[in-house]
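In: structural data only, the sequence is not supplied:
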């Protein structure tokens, strides 16, 4: 599907309500039988539309490696992180690299890395940076380096919050 078609609510209405209603209701049941249920209609939170947008924005590889709430931090901020595919991919890639290659230890013992907290903190850090740096004007290398630095700072802050240290995993 091309982006022009993806922007038309009726396309998503047809896919959801005519072609695949059983799949849509299986994924997002409508217990109150609300005819305005946004997961079934062609609105931005439509069950199929949001998956298409994620794959279009981040690509299938990054999308498959991220969890639901982590994706929401990027994709549902369409005016900022989710508005530029290059920025969105750079944030996602830096986040995944950071959580895949590092962990936090407290007193020499590994702790469970709370990925969602890391992603939320990283998204906030990137949003603050975006107020002073036009992220979309950076070339790919500069953008990747900046996102990697912000991810490192986010992990370090998370470790500091629990009196821990960041270590390679």
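Out: Structure's in. What do you need? As the structure is a computational prediction, the values presented were derived from the model and not from experiment.
In: just the strands in this structure please.
Out: Listed in chain order, the strands found in the chain under DSSP state E are 102-106, 109-110, 165-168.
In: please identify the most buried of these.
Out: Using mean count of other C-beta atoms under 10 Å, the stretch among the strands of the chain with the largest mean neighbour count is strand 102-106, at a mean of 17. In this view, the C-beta of every residue, glycine as well, is placed from N, C-alpha and C.
In: which residues sit against that one?
Out: Strand 102-106 has contacts (C-beta atoms under 8 Å, 6 or more residues apart in numbering) with 110-111, 113, 155, 158-159, 162-169.
In: let's see it at 10 Å
Out: Strand 102-106 has contacts (C-beta atoms under 10 Å, 6 or more residues apart in numbering) with 110-114, 118, 151-152, 155-156, 158-169.
In: now do stretch 109-121
Out: For stretch 109-121, the external contacting residues (C-beta under 10 Å, 6+ apart) are 66-74, 91-92, 95-96, 98-100, 102-105, 150-151, 153-155, 157-159, 161-162, 164, 167, 169.
In: who touches the residue nearest in space to the middle of the chain in this structure?
Out: For the chain, the residue nearest the mean C-alpha position is residue 71 (2.3 Å; C-alpha atoms, centre = their mean). For residue 71, the set of contacting residues under the criterion of C-beta under 10 Å, 6+ apart consists of 50, 51, 53, 54, 57, 58, 62, 63, 82, 88, 92, 119.
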